[in-house]
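Asker: Compute the structure for the input listed below.
(2 chains)
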Amino acid sequence: MKRKEPLFRVVKREGGSPVRLALSYVVAVVLALCIGALLLAMQGVPVMQFYQDMFTMGMVGSRYPFRVLEGFIRLFVPLLITSMALSLAFRMRFWNIGGEGQFIMGAICAGIAAFQLGNTLPQPVMLLVIAACGILGGGAYGLIVAALKVRFGTNETLLTLMLNYIALYLLEFLGETKADWNFMLSEQSARPVFAQFPEAADMILFTIGPFQLNLSLIIALVLCVLVFVYLKYTKQGYEIAVVGDSPNTAHYAGIKVGRVVIRTIFLSAALIGLAGAFYVSSAGTLSTSVTNDVGWTGIVVAWLAKLNTVGILIVSLLITVLQYGCQAAGTAYPSIDANFADMLQGIILFVVLAADFFIRFRVVIRGKEAVK
Amino acid sequence: MASTYAVEMQDICKSFGSVKANSNVSLNVREGEILALLGENGSGKTTLMNMLSGIYRPDSGSIYVNGQQVSIHAPEDAKRLGIGMVHQHFKLVDNFTAADNIWLGEKEGGPVLRRSRYDRIDEMARKFGFEIDSRKRVYNMAVSEKQTLEIVKVLCYGARIIILDEPTAVLTVQETEKLFSVLRKMKAEGHSIIIITHKLNEVLEISDRVTILRKGEYITTVDTASTNEQELTEWMVGRKVDLNIQRPVVEKTRPLLEIRDLTIRSDEGAVAIDHVSFYIRGGEILGVAGIAGCGQKELCEAIAGLRPIEQGQMIHKGDNIVGLSPKEILDKGISMSFIPEDRLGMGLAPSLSITDNMLLKSYRQSNGPFVDRKRGREEARRVIEELEIVTPSTETPVRRLSGGNVQKVLLGREIKAGPNVIVTAYPVRGLDINSSYAIYDILNQQKQSGVGILFVGEDLDVMMALCDKIMVLCHGKMMGVVHADKTTKEELGLMMTGSLDLSHKYEDKPAGIARDTLFKEAEQ
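Answerer: This is a model prediction of the structure:
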C-alpha cells in the first residue's frame, strides 16, 4: 500500500526575531497597498498619483498645508486615545466594544457643560470642566456594564454593544428635537441643527507660525506615556495582567477581582469619554456622526498593535493617514470616496493577520522537504 | 514473522515543529497479550498511541495490523481495523445514557433508536464481567463507571486491539483491581491490550511485556516476568534512582491549624465537606486520601479563604480564621497550592513571566505605586537555582515551561513566602519520577523546618511513604485518620469507598480535636 502524503503541511516555526516581525508587517502593508492599486487601476485612477496624494494627505500643492495638518490632528487624537483606552480593557480580557457609546456619552456631557456654562468661565477652566464632564460621562457609561458583570456575571460584549445604540439614538434625539428645553440646538436655524459652542469651550490652540497646535495632541501623547507606564510598571497594571490571564489565580492571590474590573473599565471608558470631549471641543459643536467610528476602528487598531502602547501610536497614525488621506485624495476622483479607505483598511487588516500566521507557522509543500 | 503480531509499529517518527515526539519507535503486540507502555512525562507514549488510533499521522515509519501494512488517516480507519482507544479524558456526551453514547458512534445504528440497544450492552457487560447500567445517564456516573463505559464502547465497535491511556489515574485501589480482572478476561478472549501508565507496580502486576520510551526514543522491550521495578526505572529515567521516599522524623509542635466541625457546600450547592474535624501539627505531613471529587478541592479552597463555609471553625495558632479574606489568610502564613487537572488553572498566571508569578502574592509589600520587579527577578533567580528549574530566563512565560518546572515554580514561590502551614493538592500530578522526587524533597525540607503540611494526594503508595498520618474522605465525610506506617492500602481503599469508618474508633476522644490545642473555648 502506498503511503500518501498530504499536499502541504503546516509546521510551527521557532521563535521569530523582532526584526523579522517588523519586516513581515511592512511587507503585509505593502501587499495590501498593491491590492488597492489593482482596484484603483481598474477604475482608471492613476495609482501613483493617488497614493502620493493619500500619503501626503493633499498637503503638497495645497494653499493651506497647515490647515490639512490641523484637520488630521483633530481625527488622530480621538482614535489614539480611544485605541489606548480599549487596550486597557482588552488586556484584562474584558471585551469592551462600547467605545462608540462611551465616546458619545463623553461628547454629550461635554456638550451640556459647554452650552450651559457658556462664556461664564475663562477658557482654561472651561476646558477642564468639559474634560471632567467627558471623563465622568464616558466612565459612568462603562461603569454600568462593569458593575453588572461583577455583580450578576452579565456578558460585557452584549451590553457594551447594545449601549452603543442607546447612546447613538439619544444623541440623534437631542439633535433632531426642536423644543424649548433643548438648549443644544441653534436658535437661528428653523431646522434642528446643533448650535456652535461658546468660544470659551473651544480647544486651546497654540499658534506656531502659520500652524496652530492643538492642545489635545499634547495631552494625548502624555496619556500614551502614562498608560504605558501604568500597564507596565504599576501594581494596578500588574493586577490587570493577572486578572486578564487567570481570574481564578487573581482571586487566589488575594486580588479583589471585582474591584480591579470596575476600576479598569471605568478608566478605559473615562479615557474614551475624554476623547469624545476633546473632539467636540476641537470641532466646536456636536454632530450625530461625532464618533467618526473610532469606537470600532479603535478595536482594529488595538489588535493590530497587539495591545502594545507604542504599536497603538504607530498603527493609529497609519490608519488616520489612510482615512484622512483617502478623503483628501478622493476629492480629485469622483469614483473614489472615504469608503475606499475603509476597504483598504480591511485589506490591510486581513493581510496582516495572514502575515501573523506565516510568522508563527510555515507551510511545507509535499516532497520539498525530507521528512525527518 | 510480522504476521504473528496483532499490531506492529516500525521506526515511527513524529515531530511537532522542531520537537521530536517520537523518533524511530518500534512496538508490537501479540494477540491475547497485555503490553505496558512505560515512560516519563513527555516521552511520547500518548503521541505514539494517537498515531495508532488515527488522531495523528506519523511523519515516517510503518504500521502493520495482522501482518498487513496499513495507513491510518483518521479515527474511522482505526475503528475499521479494530483499534479502539480509551483516552485519559473521556469523550462522552453527559446528557445521554450509556447505551445512547455507544449508539451515537455506530455506523449500523440507523436513524431509529431501538430498544435493543440496551440489551446489547447488557450482554457485553455480562460477558466480560462489567458492572454497567445501560440506562444510566453519564452525568450521574462516577469516574470509574465512565471509564467502564468507554471500554464497553470500544468493545461494541468491534475493537480487537484496545489502548488504555493511564486508566488507573482516576481509580481507587479496589476499582483498579476490578479493571485489571476485566482486562485479564479480555485478554483470555484474544484481545490485545496496550496500557499506558507510569505506575511501576501496576505494570508488573498486569502486563506480559513492557515497552519503554525515554524522551521520544525507543529504549527496549522486556518480558515483565524477568524484570523488576529498579530495572524499569533505570531504563525509564536513564540512570539509577533511589525509589525510597524519605520520611524524616521531626519533633512535632502543637497544632498549627485545627478544623472543627467544618461543613462546606460545592458550587452546585451539594454538601462537599460534611462535619469534618482534624488538625495539623508543625513538623508533620497529614495526607488527605479520597477518590476524585470527594471534597478535597472545596476543603483546600475553604482553608485559603476562597470559599465561604457553611458552619464550623478553622483555627490557626489559636485564632479563628473563618471569614477572613484570602489576603489576610495569606498574611497569617497559610499557603495553599492546588494543581488542578489542567495544571495552570489556579495559582499561576500562565502568560506572565516567572518573575511576575513570583510576585503574585507579595507585590503589594513594596512601597509606592510601582511593582518591585527587581526583587521578583532576584527571587525567581534563586528559586530557579535552588529547585533546578529548566528555563531560558526569568522572563519566560510560565506557559512555555514543562509540567514539572511549572509545578516547581508554584511550590518555590509558596515556600519563599515562608509559610507555617502549607496546603498542597496534587503537587506531583502528572509529573514523572524525577520531578516527583524533587518535590517530595522540598516538602520534607519544609517539614523539617517545622512547617505543618496538608498533602492532598492521589497515589496511595506515595502517601503511605511520605505522610505521617493520612486522613480519608468519602463523599465529604471523614472516615478516620490513620498512621501512615501502620495502615495498609486495602484499609485505605475500604475507607475511601466508605465501607470502613474509623472516625468513631476512639469513643472517649472526639475525632479530630487535639488535646493540647492552642484554642481556648473561652476565647470564642
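
Asker: show me where the stretch 101-250 of chain B has strands.
Answerer: All strands of the stretch 101-250 of chain B, identified by DSSP state E, counting those that start in this stretch, fall at B:161-165, B:192-197, B:209-214, B:217-223.

Asker: now do the stretch 201-350 of chain A
Answerer: A:205-208, A:211-214.

Asker: in the last one, what counts as buried?
Answerer: By neighbour count on 16 or more other CB atoms under 10 Å in any protein chain shown, the buried set for strand A:211-214 is A:212, A:213, A:214. Just so you know, the C-beta spots here come from the backbone N, C-alpha and C atoms, and that holds for glycine as well.

Asker: The last one bridge partners, please.
Answerer: For residue A:214, the beta-bridge partners under DSSP bridges are residue A:205.

Asker: where does chain B come near chain A, residue by residue?
Answerer: B:13, B:15-18, B:20, B:59-60, B:62, B:69-71, B:73, B:304, B:306, B:325-327, B:330, B:336, B:344-352, B:356, B:359-361, B:363-364, B:369-371, B:373 (CB under 8 Å from any CB of the partner chain).

Asker: Filter those down to just the ones in strands.
Answerer: B:13, B:15, B:16, B:20, B:60, B:62, B:69, B:70, B:336 (DSSP state E).

Asker: hang on, the earlier thing: mean pLDDT added to the strands of the stretch 201-350 of chain A, as JSON lines?
Answerer: Supplementary listing: the strands of the stretch 201-350 of chain A in JSON lines, determined by pLDDT from 0 to 100:
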{"stretch": "strand A:205-208", "mean pLDDT": "88"}
{"stretch": "strand A:211-214", "mean pLDDT": "88"}
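
Asker: Between the ones you listed, which one is closest to residue A:107.
Answerer: Minimum separation from residue A:107 across those (CB to CB) falls at strand A:211-214, 16.6 Å.

Asker: quick check, distance from that closest one to the centre of its chain.
Answerer: Taking CA atoms, centre = their mean, to the nearest Å, the mean C-alpha location of strand A:211-214 is offset from the chain mean by 22 Å.

Asker: Same check on stretch B:77-89?
Answerer: Taking mean C-alpha positions (CA atoms, centre = their mean), stretch B:77-89 and its chain are 23 Å apart.

Asker: measure that stretch end to end?
Answerer: 21 Å (CA to CA, to the nearest Å).

Asker: Please apply the same query to stretch A:86-106.
Answerer: End-to-end for stretch A:86-106, by CA to CA: 15 Å.

Asker: Buried ones only from the residues of chain B next to chain A, please, as a PyMOL command.
Answerer: PyMOL command restricting those to the buried ones, with burial defined by 16+ other CB under 10 Å:
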select buried, chain B and resi 13+15+20+59+62+70+304+306+326+330+336+344+346+347+348+349+350+351+352+356+359+360+361+363+364+370+371+373
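
Asker: Quick one: neighbours of the residue in the stretch 151-300 of chain B positioned nearest to chain A, just the number.
Answerer: For the stretch 151-300 of chain B, the nearest residue to chain A under the criterion CB to the nearest CB is residue B:300, separated by 10.2 Å. Number of residues near residue B:300 (other CB atoms under 10 Å in any protein chain shown) recorded here: 22.

Asker: did I read that right, it in a helix?
Answerer: Yes. The assignment for residue B:300 by DSSP: H, G, I helix; E, B strand; the rest coil puts it in a helix.

Asker: surely it meets residue B:421?
Answerer: No. In this structure residue B:300 lies outside contact range of residue B:421 using CB atoms under 8 Å: 11.8 Å.

Asker: Residues in contact with both of the two, list them for me.
Answerer: residue B:454 (CB atoms under 8 Å, 6 or more residues apart in numbering or on different chains).

Asker: circling back: which of the buried residues of strand A:211-214 lies closest to chain B?
Answerer: Checking the buried residues of strand A:211-214 one by one against chain B (CB to the nearest CB), the nearest turns out to be residue A:214, at 30.1 Å.

Asker: which ones are touching that closest one?
Answerer: Taking CB under 8 Å, 6+ apart as the test, what residue A:214 contacts is A:70, A:73, A:74, A:77, A:203, A:205, A:282.

Asker: Likewise for residue B:491?
Answerer: Neighbours of residue B:491 in contact, by CB under 8 Å, 6+ apart: B:482, B:500.

Asker: what about it, which SS state?
Answerer: Relying on three-state DSSP, one would call residue B:491 helix.

Asker: can you pull the pLDDT of it?
Answerer: Looking at residue B:491, its pLDDT is 86.

Asker: Same question for residue A:226.
Answerer: Residue A:226 carries a pLDDT value of 96.

Asker: Would you mind listing the outside residues contacting stretch B:176-194?
Answerer: B:6-7, B:27, B:29-37, B:49, B:52, B:128-131, B:144, B:147-148, B:151, B:155, B:159-164, B:167-168, B:171, B:195, B:202, B:205-206.

Asker: how far out from the middle of the chain is it?
Answerer: With CA atoms, centre = their mean, you get 22 Å for stretch B:176-194.

Asker: list the buried ones in it?
Answerer: Quick answer for stretch B:176-194 (16+ other CB under 10 Å): B:176, B:178, B:179, B:180, B:182, B:183, B:186, B:187, B:191, B:192, B:193, B:194.

Asker: Now do it, average pLDDT.
Answerer: 89.

Asker: Which parts of chain A are helices?
Answerer: Along chain A, the stretches classed as helices by DSSP state H are A:18-42, A:47-56, A:65-91, A:99-117, A:123-152, A:156-176, A:215-233, A:235-245, A:247-252, A:257-283, A:294-304, A:309-330, A:338-360.

Asker: need those helices in TSV with distance to residue B:219, can you?
Answerer: Output for those, formatted as TSV (distance: least, CB to CB, whole Å):
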stretch	distance to residue B:219
helix A:18-42	39
helix A:47-56	63
helix A:65-91	46
helix A:99-117	58
helix A:123-152	53
helix A:156-176	51
helix A:215-233	47
helix A:235-245	38
helix A:247-252	38
helix A:257-283	47
helix A:294-304	47
helix A:309-330	48
helix A:338-360	34
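
Asker: so which of the ones you listed gets nearest chain B?
Answerer: Closest approach to chain B among the helices of chain A (CB to the nearest CB): helix A:235-245, 4.0 Å.

Asker: How confident is the prediction for the residue of the stretch 151-300 of chain B closest to chain A, by pLDDT?
Answerer: 88.

Asker: Likewise for the one 10 residues further on?
Answerer: pLDDT for residue B:310: 87.

Asker: measure it to chain A for me?
Answerer: Applying CB to the nearest CB, to the nearest Å, the value for residue B:310 to chain A is 20 Å.

Asker: mind checking the backbone torsions on that residue?
Answerer: phi -80, psi -40 (degrees, to the nearest 10).

Asker: quick one: it and residue B:266 touch, right?
Answerer: No. Using CB under 8 Å, residue B:310 is not in contact with residue B:266; the gap is 10.8 Å.

Asker: who's in contact with stretch B:23-33?
Answerer: B:4-13, B:15, B:35, B:37, B:44, B:48, B:61, B:160-161, B:187-194, B:208-209, B:211, B:213, B:216-218, B:221.

Asker: Residue B:472 is in contact with residue B:495, correct?
Answerer: Yes. Under the criterion of CB under 8 Å, residue B:495 is in contact with residue B:472, at a separation of 4.0 Å.

Asker: lowest average confidence, helix or strand, in chain A?
Answerer: strand A:8-12 (a mean of 67; mean pLDDT, DSSP states H and E).
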